[in-house]
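Visitor: Here is a sequence with its predicted model. Questions after.
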Amino acid sequence: MESILLDVFEEHLDEAAFLWTQWEQALEAPDFNLEETATVEARLRAQLDGLVVGAAAVAEALLKPSLESEDPSTLFAAAFALLDGSERMQPSDVLALLVPRASKLRAPIQRALELNEREELTETLQPLLKESAPEILALTLEVLAFHHATPKDVAVDMLLQHEEERLLVATLRCLQPLPRHLLRGHLPRLLADPRPAVREAAMEAGLISGARVAWERCLDMAGRHAAPSRQQLLLLGLSGERLGTERLLTLLEVEELRADVLWALGFSGQSAAAEACLGWLEHQELAPLAGEAFSAITGLTLQDAYVLEKREESAQEPLPLEEEDLDADLTPRPEEALPIPHPEAVGAWWRENRGNFTPGQRYLRGRSFSMETLLGELRQGPMRRRHAHALELALRSQGACRLQTRAFTRRQGTELARLRNTAQRLSVRPLSGILGGG
């Protein structure tokens, strides 16, 4: 291939790698919605498509050599173009991509598999479920779960007894909702597992399966002297339960949990939670989180008079090279894009409007919580919060309404349109009111 032509495809690869990073950040951003994310995505897809049209010549000259890269974004772009452009992927092709990699370099290839939209993908992955290596088996189950695909011809009963943590978690996420015999045979043990990730996955799987014991375990783990995870706290907020909100308000006193509790309170929709957030609007680190939660409940848009100007970070002397953490993740955190609320202005707004909020009633963006308001947030709300809203949709439908909020936006739009009618018929009662007795 002429060098000048190869230069064009190298530019496509570099741009795709850069834009993939930007798009992944947009999926977690508090200042992007689905439409804005789709704009970034369109640029990414154009670069990826440019690599695919190069066919076999570009695959041999550029993409396959790029699989040796240790840069995750380059590895993603090369793997995606290869997987998307091949005539038909074989299980051996996928294994050849995965097996030689160190664990951290399998992640971008896994992402390429998750974002692949070829219809035969899930069938191609099924033979990998016979692999003996737990890490490959877990990765395969995670990709299948991403595509809402159920594993075939695999002894899931044995998988739920496996000792490997990631494999257990992947199995629980892939089998939602759990069949009744698996609920009875395995859920109590997994809810009591000493590993937080396993307990968390079991709790989520149990709730999606309608098992009351999972909700009781969630409440127990959020006791005053427990150490609940961020996800367990979120489940309390999503539940719509008065008791769940009360537990969160109590845990707000625990300093190391405070940021995660504020996040969860924003999904509770309770006026008491909004009032509690006001107390943290002057805290230097927590004010943006408290403002985000307050806004999510009340609908107050934090802009203009309701925000403070962000202070510029003062220049610091660079650390000596030997003191630098060269492995530190310098990717901006989503919270850094949140506005800083003006405490006095927000407080004055609340004093004027608090009478519009009935104690015990659940609100979302200032409106009474309903499936319509929930779907509205999934269509137009901040990307950062949509993952939790999609989880609530899965909980309330017991797995019937699934939205993959980390997929390409075209797939998300298709899924939203497909589940709309079913979702609107779901109950908005507190979660305990729709759980069974298991």
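Guide: Done, it's in. Keep in mind it's a predicted model, so treat the numbers as computed, not measured. Numbering: from 1, shown residues only.
Visitor: now the helices: where do they sit in the stretch 101-250 of the chain?
Guide: Taking DSSP state H, counting those that start in this stretch as the criterion, the stretch 101-250 of the chain carries its helices at 103-115, 121-125, 134-146, 156-159, 165-174, 180-191, 196-208, 212-221, 230-238, 242-251.
Visitor: D260: which of those is closest?
Guide: helix 230-238 (4.2 Å; Cβ to Cβ). In short, each C-beta sits where N, CA and C put it, glycine included.
Visitor: Break this structure down into its domains, please.
Guide: Following automatic domain parsing, the chain resolves into domains at 1-118, 131-221, 370-430.
Visitor: Columns mean pLDDT and mean neighbour count on top of those, output as a markdown table?
Guide: Compiled in a markdown table, these are given as follows (pLDDT from 0 to 100; neighbours: other Cβ atoms under 10 Å):
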| stretch | mean pLDDT | mean neighbour count |
| --- | --- | --- |
| domain 1-118 | 91 | 17 |
| domain 131-221 | 92 | 19 |
| domain 370-430 | 96 | 18 |
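Visitor: In TSV: those domains, plus distance to Y306.
Guide: Formatted as TSV, the domains of the chain follow (distance: least, Cβ to Cβ, whole Å):
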stretch	distance to Y306
domain 1-118	15
domain 131-221	34
domain 370-430	16
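Visitor: quick one: which of these is nearest G237?
Guide: domain 370-430 (8.0 Å).
Visitor: before we move on, back to that, how about the helices of the stretch 101-250 of the chain, which one is nearest T422?
Guide: When the helices of the stretch 101-250 of the chain are compared by Cβ to Cβ, helix 196-208 sits nearest T422, at 15.1 Å.
Visitor: What helices and strands are in contact with the helix or strand harbouring R45?
Guide: Applying DSSP states H and E as the criterion places R45 in helix 34-52. The helices and strands touching helix 34-52, judged by 3 or more Cβ pairs under 8 Å, 6 or more residues apart in numbering; DSSP states H and E, are helix 3-27, helix 72-85, helix 371-380, helix 383-397, helix 409-424.
Visitor: closest to V261 out of those helices?
Guide: Per Cβ to Cβ, nearest to V261 of the helices and strands packed on helix 34-52: helix 383-397, 14.0 Å.
Visitor: what sits against the closest residue in space to L175 that isn't next to it in sequence?
Guide: Using Cβ to Cβ, 6 or more residues apart in numbering and skipping residues adjacent in sequence, the residue nearest L175 is V156, 6.1 Å away. The neighbours of V156, taking Cβ atoms under 8 Å, 6 or more residues apart in numbering as the test, are T171, L175, L182.
Visitor: how close does V156 sit to H186?
Guide: Per Cβ to Cβ, to the nearest Å, V156 is found 10 Å from H186.
Visitor: Could you do R406 as well?
Guide: Taken as Cβ to Cβ, the span from R406 to H186 is 27 Å.
Visitor: same check, this time on G244
Guide: In terms of Cβ to Cβ, G244 sits 25 Å off from H186.
Visitor: try R247
Guide: Relative to H186, and taking Cβ to Cβ, R247 is found at 26 Å.
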